[in-house]
Structures are given as structure tokens and as C-alpha cells.
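Undergrad: quick check, what structure comes out for this input:
(one chain, ligands or ions: 1)
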Amino acid sequence: MSSLEELVSKAKMLHSEGRSTSQIADELSLSAETVTWLLTQQKGSEAPKDVLIDWSAISGHADMLKDSAVMMIKRYYYSKDDAGEDYCPPEVVIGIAHSGIPLATFIAAEENCLFTMFHPKKHAAGQNPAGSLNSSFADVSNKNCIIVDDVITSGKTVTETVSYIKSHGGNPVAILVLFNKLGIKEIDGVPLISLVKIERID
Ligand SMILES: O=P(O)(O)OC[C@H]1O[C@H](OP(=O)(O)OP(=O)(O)O)[C@H](O)[C@@H]1O
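TA: Presented below is the predicted three-dimensional model:
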């Protein structure tokens with residue numbers, strides 16, 4: 001089976017389980033437009049320009065996951081060096097559920113600082129779903145925070161996180177991701193630093 005066929009069957013399976021287009025898009029880290037195309041496969045319609053990222057060969061091994069997390073925080077310090085700016089070491093590292101959590105945990109351990117996790121509203125249940133910080137972990141108020149996730153696709157999740165942290169008294173100093181599919185460099189004034197930028201040139 002080709003990777004496209006695999007993707008189509010994965011999208012169809014999730015759809016048959018009752019997931020919405022945006023939920024499938026989140027789960028597969030694709031745009032909603034791509035998921036619609038995968039589900040409908042209209043004859044003659046061109047596939048949207050999107051890229052599938054499968055990093056399970058790394059994420060499935062805790063040692064490589066840790067190596068990736070260490071590279072992310074190094075990348076933050078190198079980017080500060082490159083810009084000739086002062087370091088702002090994090091006081092709290094915030095992992096966005098779910099995939100950002102293990103990366104953030106390793107970074108917080110490396111930096112010997114506090115750790116917490118953010119649950120975006122897309123993961124919340126109920127009629128008025130809302131994002132939340134997990135109160136079993138560190139508090140963010142009056143602290144310099146680094147936000148960590150694996151991938152940015154539309155930027156919605158990270159944007160929600162930045163706004164939540166600011167409104168709860170935290171000071172986000174950087175957003176670290178492995179893969180930036182959006183090509184942006186900051187969100188609401190907070191620098192976005194990735195290990196890999198993914199851009200199409202056609
Ligand atoms: O930029 P966006 O369009 O908001 O998409 C990126 C988000 O989508 C994925 O989360 P998801 O909840 O789907 O998966 P996860 O539970 O594996 O982290 C990914 O881990 C990011 O958090």
C-alpha cells in the first residue's frame with residue numbers, strides 16, 4: 001500500500017469512527033483542506049499542497065525523543081546568539097498535550113526548571129470546551145515560560161496556548177517546535193523557533 005493509500009484509509013477509518021474533519025486534521029497533522037480531499041478524492045481534483053510528517057521512528061524511542069528535546073533547547077540558545085540577544089532562561093517549560101508533553105518534560109529536566117502542561121480546548125469535552133493548564137504541575141504566573149510542541153500546522157493550538165499563558169500572568173519568551181509547517185517566525189510577539197522549517201517551493 002502506498003503512503004497516500006495508507007493516509008486515505010486512516011482518514012476514512014477516523015471518519016467512520018465519528019471524528020470531524022478538523023479532528024482528523026489534528027490527529028494526522030494535516031490541513032482540514034487536505035483531509036477533505038483524502039475523504040472525497042474527487043475525480044480530477046488536484047491534491048492540496050500539504051506535507052505529512054511521520055517522526056514515529058524518533059518519537060517511539062525515549063532516548064531519541066530526549067535527544068530531540070535537547071536539540072530544541074540548544075536551538076533556542078543558538079537563535080539568541082545569532083540575533084545577538086540576551087538569553088532568557090525559562091522558569092517554566094509548558095508542553096502542549098499530547099505530543100509536546102514528553103519533549104517539554106525533557107527540556108525542563110535539562111534546564112533544571114519547572115514544568116507544566118497545557119490541554120488545548122480541542123481536547124476538552126462539554127458544551128463550552130476550554131483550554132486549561134494542568135493544576136497538578138507548576139504555576140506560570142510571573143514566570144518566563146517556554147512553550148513546546150511537536151508540529152505547527154495551522155498555528156491555532158499554539159496561538160491559543162500563548163494567549164492563555166499571557167492571560168494567566170505568564171510571560172512566554174519562546175515557542176519551540178520540531179516542525180514548522182506554517183513558515184511563520186512569531187506568534188503574538190513570541191518568537192517561534194523550530195528544528196525544521198517545511199516550505200514548498202512550487
Ligand atoms: O497548528 P495546529 O493546526 O493547531 O496543529 C498542531 C497541533 O496538532 C497536533 O496536536 P493533536 O492534538 O492533534 O495531536 P497530539 O495529541 O498527538 O498532540 C500537534 O501535536 C499540535 O499540537
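
Undergrad: render the CA-only coordinates of the lengthiest helix in the chain in CSV, please.
TA: Looking only at the chain and at elements set by DSSP state H, the helix with the highest residue count is helix 62-83. Listed next in CSV are the C-alpha coordinates belonging to helix 62-83 (Å, rounded to 0.1, in the frame of the first residue of the first chain):
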residue,chain,number,x,y,z
ALA,A,62,12.7,7.8,24.6
ASP,A,63,16.4,8.2,24.1
MET,A,64,15.9,9.8,20.7
LEU,A,65,13.0,11.9,22.0
LYS,A,66,15.3,13.2,24.7
ASP,A,67,18.0,14.0,22.1
SER,A,68,15.4,15.9,20.1
ALA,A,69,14.3,17.9,23.1
VAL,A,70,17.9,18.8,23.9
MET,A,71,18.4,20.0,20.3
MET,A,72,15.3,22.1,20.7
ILE,A,73,16.6,24.0,23.7
LYS,A,74,20.0,24.3,22.1
ARG,A,75,18.4,25.8,19.1
TYR,A,76,16.7,28.4,21.3
TYR,A,77,20.0,29.5,22.8
TYR,A,78,21.8,29.5,19.4
SER,A,79,19.0,31.6,17.9
LYS,A,80,19.6,34.1,20.7
ASP,A,81,23.3,34.1,19.9
ASP,A,82,22.6,34.6,16.2
ALA,A,83,20.4,37.6,17.0
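
Undergrad: next, the buried residues of that helix.
TA: Across helix 62-83, burial judged by 16 or more other C-beta atoms under 10 Å covers 65, 66, 68, 69, 72, 73, 75, 76, 80. For the C-beta atoms, the positions are set from N, CA and C on the backbone; glycine is no exception.

Undergrad: what's the separation between the most centrally placed residue in the chain and residue 81?
TA: Note on the chain: the residue nearest the mean C-alpha position is residue 149, at 3.3 Å, using C-alpha atoms, centre = their mean. As defined by C-beta to C-beta, to the nearest Å, residue 149 lies at a distance of 23 Å from residue 81.

Undergrad: what does residue 46 give?
TA: With distances defined as C-beta to C-beta, the gap from residue 46 to residue 81 amounts to 43 Å.

Undergrad: the protein against the ligand: which residues are in contact?
TA: By the rule C-beta under 6 Å from any ligand atom, the part of the chain lying against the ligand is 26-27, 29, 96, 98-99, 149-157.

Undergrad: repeat that with 5 Å
TA: If contact is defined as C-beta under 5 Å from any ligand atom, the residues of the chain in contact with the ligand are 26, 96, 98, 99, 149, 150, 152, 153, 154, 155, 156, 157.

Undergrad: need the residues you listed in JSON lines (columns: pLDDT and secondary structure).
TA: Output for these, formatted as JSON lines (pLDDT from 0 to 100; DSSP: H, G, I helix; E, B strand; the rest coil):
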{"residue": "26", "pLDDT": "79", "secondary structure": "helix"}
{"residue": "96", "pLDDT": "98", "secondary structure": "strand"}
{"residue": "98", "pLDDT": "94", "secondary structure": "coil"}
{"residue": "99", "pLDDT": "95", "secondary structure": "coil"}
{"residue": "149", "pLDDT": "98", "secondary structure": "strand"}
{"residue": "150", "pLDDT": "97", "secondary structure": "strand"}
{"residue": "152", "pLDDT": "95", "secondary structure": "strand"}
{"residue": "153", "pLDDT": "90", "secondary structure": "coil"}
{"residue": "154", "pLDDT": "90", "secondary structure": "coil"}
{"residue": "155", "pLDDT": "94", "secondary structure": "coil"}
{"residue": "156", "pLDDT": "94", "secondary structure": "helix"}
{"residue": "157", "pLDDT": "96", "secondary structure": "helix"}
